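**Student:** Pasting the sequence and the predicted coordinates here, then a few questions.
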Amino acid sequence: MHRETDTDCQSSEPGFSPGRRTFLKISVLAGAAATISSTVAYAAGESGFWAKDLEDEQLVDMYRRILRIRWHERTMADKMLTDPTYRGYNHFYAGQEAVAVGICSALRNEGGVEKADLVYSTHRPTGHAIAKGIDLKRMCAENDFRATGLNNGYAAEMHISDPTIGFMGADGMIGPGPVIATGSALAIQARGSGQVVVNFGGDGTYATPHFHSALNNSTLLKLPFIYVIENNLYHQYAHYSLSVPMKDIATAAEPYGIPGIVVDGQDVMQVYNAAKIAVDRARAGEGPTLIEAKTYRYYNHWGAPGATPGELGAFGYDPLAISSFRPERELRAWMQRDPVDISRRILIDWGLLDDAEADAIETEVKAEVTEAFAWAAEQPLCRPEDGLKHVFVDGEVEARQLA
Amino acid sequence: MHRETDTDCQSSEPGFSPGRRTFLKISVLAGAAATISSTVAYAAGESGFWAKDLEDEQLVDMYRRILRIRWHERTMADKMLTDPTYRGYNHFYAGQEAVAVGICSALRNEGGVEKADLVYSTHRPTGHAIAKGIDLKRMCAENDFRATGLNNGYAAEMHISDPTIGFMGADGMIGPGPVIATGSALAIQARGSGQVVVNFGGDGTYATPHFHSALNNSTLLKLPFIYVIENNLYHQYAHYSLSVPMKDIATAAEPYGIPGIVVDGQDVMQVYNAAKIAVDRARAGEGPTLIEAKTYRYYNHWGAPGATPGELGAFGYDPLAISSFRPERELRAWMQRDPVDISRRILIDWGLLDDAEADAIETEVKAEVTEAFAWAAEQPLCRPEDGLKHVFVDGEVEARQLA
Amino acid sequence: MTEKSWMYAVLEAVQYEMRQDPNMLWLFELTAPVASNPGLPVINLETEFTRKRVINTGIDEMWMVAATLGAGLAGSKAATYIPYQGAAMPFQIIQNHAGKLRHMTGGVASMPVVFVMEMTGQTPGFAGQHSDYEIDSYYMHIPGVKTVVPSTPYDAKGMMASALRDPNPVVFLYPAGLRELVAEVPDEQYDVPLDKAAVLAEGTDLTIVGSGAGMPEILKAADALKADGMSVEVIDLRSLKPMDTETLVASVGKTKKLLAVDQTYYTLGPAAEVVARVAENVDGARFKRIAFPDAPPPASPEMFLWMRVNADHIANAARKLVG
Amino acid sequence: MTEKSWMYAVLEAVQYEMRQDPNMLWLFELTAPVASNPGLPVINLETEFTRKRVINTGIDEMWMVAATLGAGLAGSKAATYIPYQGAAMPFQIIQNHAGKLRHMTGGVASMPVVFVMEMTGQTPGFAGQHSDYEIDSYYMHIPGVKTVVPSTPYDAKGMMASALRDPNPVVFLYPAGLRELVAEVPDEQYDVPLDKAAVLAEGTDLTIVGSGAGMPEILKAADALKADGMSVEVIDLRSLKPMDTETLVASVGKTKKLLAVDQTYYTLGPAAEVVARVAENVDGARFKRIAFPDAPPPASPEMFLWMRVNADHIANAARKLVG
Ligand SMILES: Cc1ncc(C[n+]2csc(CCOP(=O)(O)OP(=O)(O)O)c2C)c(N)n1
Ligand SMILES: Cc1ncc(C[n+]2csc(CCOP(=O)(O)OP(=O)(O)O)c2C)c(N)n1
Ligand SMILES: [Mg+2]
Ligand SMILES: [Mg+2]
């Protein structure tokens, strides 16, 4: 059992991002992912640096989505901390934005469950949902338990879903999600619809029995399935070394004979690159890929304990965390390689934006987020009796609490 | 998915067994297990050939136990085929005897659950039970549903157990056994009682979600746990390539960072050697080992369909096997490396026995088995009402089938 | 209309739906979807629809059910056949995912899936895990799945057709002890509703209610009781959830005596729900339940056969209740 | 005798047994075995007994339960605390192994183990998997395990002590909604039996039966009904299996009216067993059940709070039944 704190990602120069040309050269030479880990055979760099081929518009849109997640987070945290009438909650994703956006940028995000690429999310879903293109207003309304929310107030944060964009939903359980996701990949393979299924899962999912099941069956059947592990070093209040015997979870791919890619989860271009490789492989019928993105969350496991209104991140200890604390310095070191900063600097460096344009986008996104929360707050609450609906496609169940 | 029939074991010269000295040299040079597979890093030969250190008496006893299993099998098969009043059944183990005996010869087989090494078995348990030293008469009575059977007639073949010798029992389910076994190893580690836990499992257990759970947790906690996979190439009616994406299941040990040993399951000395390495490691507190024994069963999955009275093995197709047949030539090729023959030849070759002595042992064992079946047949049947007992330690449950 | 085995009749229903819907999947483990019947073509789903749509897996029933669910969520109809040994392995997937996803997503999740859960044949001699008959209770408590258990080849085919056409997840309990039953079964596809009990015999003295593998012995007992001159009403639940309260209440409202029979353990078997629903709605009736004792099935046939509910047990209980 | 929280009281019982038995193990996942109480020393099993005996694991509840069982089989007393999110993950291990092994081995397997299964606090807002209260039904059908659910800190401590001393596997249901209840709890170790219901109030007009997290609202309703002049007998089941039929039958034999209340879904909740047992044994009584509807709990507090059984629902049902 290795117990040292993983600091690989921090050892790179904070926020460093070379010019577009230099960057390309580095990634071709060393492999984009190889800067993170040399133990993994299948480095992204082997296949070239695909982010270069994206349209300028797409690249800017990636930045915009990262910002949208970030400002949704910050607005929500502030609401939880300052507005006692606000009932919504969140498993905060701030710090991990580049993972969701990098992956979803390699996917088809339209056309419903029969055409779009499908994303299965976790108990920490809002970042994935925004990256996939969810309607922000209706998501905010859902998280605020409103009848006009994305899921009519039945779901709230931990179960939001929107199949029309291929966002198959959050799941409050750790383990089953990836296995269910392989079933979607099986259906896609059988009907030949050319879609790809991505499952997001935390480092905590490695220890579940389901982990083996998802990788083994998707390997045996060569399914178009991508398992993205967001290794943010902690599952709830425990360091991942308590449940994972290897440093890089991606190495778990080896015996199955499928690629295991370790990628810097703070750099959206590197994440995109890894995703592109896996998506191409999946669409070509070559089978699954395991991607491990090294990343970190800025807030505590759930909600905003330890956070301060108006400030990013939760530096105070989570009062619920009894056995395993996240050291403040660890958190601050990770924040020096912030995914928002990195993506902004890359776009400026590549000459796609200047500082003023980047700022303007941020201002727009903030307004958009503020408006979404405001819209949500005005939406109607649910009617109690509607709880009896949607158990089955038709009809209602009986109100057994009443005599 | 590799689909070629695994013929590695057959490519060795049938029944070949070099003289004791030559043998030692080969195993030291090439690694006893390395003759089976070169893909596995941890070859038994690295650690020397331990079977040489066994007392002559122990070596002869290994042969005797192999014979005891074999004649129990043959007698049972003949009874099932010829005696319509006989109600017992078996998941036959013939062909795999060297695995059970090789492993159990490296274990402590006395002292109850607090002192003996513990063995968890499968739905195919009688070979393991005999190797561990079970009372043959009482086992035969149990398999014949007798009140004086080992488990008073409640268990029958698929659940026989005798904790007094550390035989923790058969289990009719595929998957949970190994995980439960790791819990025994945990208890042993905590109380410092120095025992070792061995779990037998078929190649079919690899695909279960439990496989990962057993290996991961035993690795994280460095438990004295040995997972012996008896890869007999088939799980029920399907070739193992349908559920296992690698050729050697032992390679699944790699990402956990624990040894994965491939061993020739037909040669009891090689199996013993692998077991000794794993047992020493476990007792030294160094953690678990995965051993894959390449072997083959001579009968069909369950019972004796396709077999002929008085003949070893079932060459007729199993009428239940719809999707995957075992080719007759595959079976015949494996029978050329029969574990009974190999162990006998080794002992003769090493000068421990001559042909007449070996024959005499076989005659003794046959008589012992015949007597056990005869004793069992005379035992009393169970009293119906006793079915209400043993649900809890005390008392009985009510007879709810009666108004 | 031809004499068909239960097994064949069920596969006929599956074959028909798979021919209609080119995306439909069938996942199995050891029980290949193959059946033959005198005078009829062999059905072999694996060869007819190829391994793309008919998937043979390793020993991982959790995956089989989860994958079936995932196929449904992606818009493809799917069904899986779980052998009885693995019937509790995927429990959590059905309980926490299939059963909740529709409601938890506000009606958005689509799950046109069928989980065929084999129950043991309760064969004497195999003990515990291989002779039990208990999953009906576990699966019928889950909201959001329909849990059904036919008892005749006719119902088995018709309910399989209905289950495959139902947009909701259906747990289709499949008592292995019945799969060799033979009866007249129509050749064409037809629906048997998934929410209606069947009144198999009408009578006025007593109502006997059971389900699944319990029905053959109940019918035998009813014959014996009729021969005694008792007027017995026999009800086959068919659907455990939703349970057809109306039919039960109407019957016991008339007979005022209810004997509820379970093959599973007494405590919290389906018969508890039967008695409770009727007791809430019919005043002044008398009630009795018989069931397997609250003990795992022992291997010894002597013990096991005494414990498993049979026609004698049922007839005796009926006589006590009426007499 | 000191005022103690439920949580603290339970850990006191565990700490005592771990001090007695140097081999006893405790396995946990996210809920560290730590509790504090005003005026009393902090209990921290992990620091007191070290990580050798108090094991913090990854997210694998199946392993936690299987390992606890395996420890018991090897002769070491063991207990595990499963958080509610994982409460159905180890279902098959308890159902097919812990529940059957003793009987299947003819009495040979030893299993001095306790599975503490947390149930959600039924907190509004979390929906489905995080607000349900349903595992009581699943676990109480299993033969060979005792399934208990205390409702007060006193019973929680005493039943934990009894469970840890019991040589049989015990499923100790732990409603998270009650863990902050505070009451007088003795400092010394004591036993509360695992097979007896508790009569919390005596009365003659009506019997109300419930369990676990349902009890506080039942007691509130009973107070309201008493204020109305109704004489209400209140029974806390405490043990779901074995169920204390005698106490139930004696009570309804007297009151002739039974209101059975469940926090879980209506169909086949423990209340079904309560009604059925009484209906079989008491003639001429009247029966009513209320429970959560057969629907997963929705996130919206407006919907959820209307659906979850509360004191008003109970009092209204009682008035209908008696009036
Ligand atoms: C089966 C199950 N057990 C326990 C939990 C409680 N739980 C919720 S989130 C979580 C930690 C997940 O960690 P990880 O997968 O690393 O994701 P992260 O929270 O770091 O994003 C746990 C244990 C759960 N939801 N489901
Ligand atoms: C959970 C579960 N699923 C299915 C079965 C049915 N079954 C019994 S033995 C067996 C095959 C086991 O194969 P393997 O592990 O290779 O052992 P072998 O029979 O070859 O000794 C299967 C599928 C079972 N017992 N348990
Ligand atoms: Mg994590
Ligand atoms: Mg096998």
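**Tutor:** Structure received. Ligands and ions are numbered 1, 2, ... in the order given.
**Student:** can we go C-alpha only for contacts and neighbour counts from here?
**Tutor:** Will do.
**Student:** Taking chain C, what residue is nearest to ligand 2?
**Tutor:** Proximity of chain C to ligand 2 (CA to the nearest ligand atom) peaks at C:Gly86, 4.0 Å away.
**Student:** Hmm, that residue is touching C:Glu61, no?
**Tutor:** Yes - the pair C:Gly86 / C:Glu61 is scored as a contact, 5.9 Å apart, by CA atoms under 8 Å.
**Student:** For A:Trp100, give me its contacts.
**Tutor:** No Trp there; residue A:100 is Ala. When contacts are counted by CA atoms under 8 Å, 6 or more residues apart in numbering or on different chains, A:Ala100 touches A:Gly127, A:His128, A:Ala131.
**Student:** So it: helix, strand or coil?
**Tutor:** helix (DSSP: H, G, I helix; E, B strand; the rest coil).
**Student:** Then C:Lys4?
**Tutor:** Strictly by three-state DSSP, C:Lys4 counts as strand.
**Student:** Excluding sequence neighbours, find me the nearest residue to the closest residue to chain B within chain C.
**Tutor:** Proximity to chain B, evaluated over chain C using CA to the nearest CA, is greatest for C:Met303 at 3.8 Å. Of all residues not flanking C:Met303 in the chain, B:Pro384 sits nearest, at 3.8 Å (CA to CA, 6 or more residues apart in numbering or on different chains).
**Student:** before we move on, what about A:His301?
**Tutor:** A:Gln236 (5.4 Å).
**Student:** hang on, isn't the one you found packed against A:Gly303?
**Tutor:** No - A:Gln236 lies out of contact with A:Gly303 (CA under 8 Å); the separation is 12.0 Å.
**Student:** any idea how far the residue nearest in space to the middle of chain A is from A:Arg124?
**Tutor:** Most central in chain A under CA atoms, centre = their mean is A:Ala100, positioned 3.6 Å from the mean C-alpha point. Distance, A:Ala100 to A:Arg124, using CA to CA, to the nearest Å: 11 Å.
**Student:** any shared contact partners between the two?
**Tutor:** By CA under 8 Å, 6+ apart, no residue touches both A:Ala100 and A:Arg124.
**Student:** any idea which element whichever residue of chain C sits closest to chain A lies in?
**Tutor:** Taking CA to the nearest CA, chain A has its nearest neighbour within chain C at C:Ala67, 3.5 Å off. If you go by DSSP states H and E, C:Ala67 is part of helix C:61-73.
**Student:** isn't C:Val185 right up against C:Tyr8?
**Tutor:** No - with contact defined as CA under 8 Å, C:Val185 does not count as touching C:Tyr8 (9.8 Å).
**Student:** quick one, which of these two is more surrounded?
**Tutor:** C:Tyr8 (26 against 21; other CA atoms under 10 Å in any protein chain shown).
**Student:** leaving aside the residues next to it on the chain, what's closest to the residue of chain A found nearest chain B?
**Tutor:** Closest residue of chain A to chain B, CA to the nearest CA: A:Pro209 (4.6 Å). Excluding the flanking residues, the one nearest A:Pro209 by CA to CA, 6+ apart is B:Pro209, at 4.6 Å.
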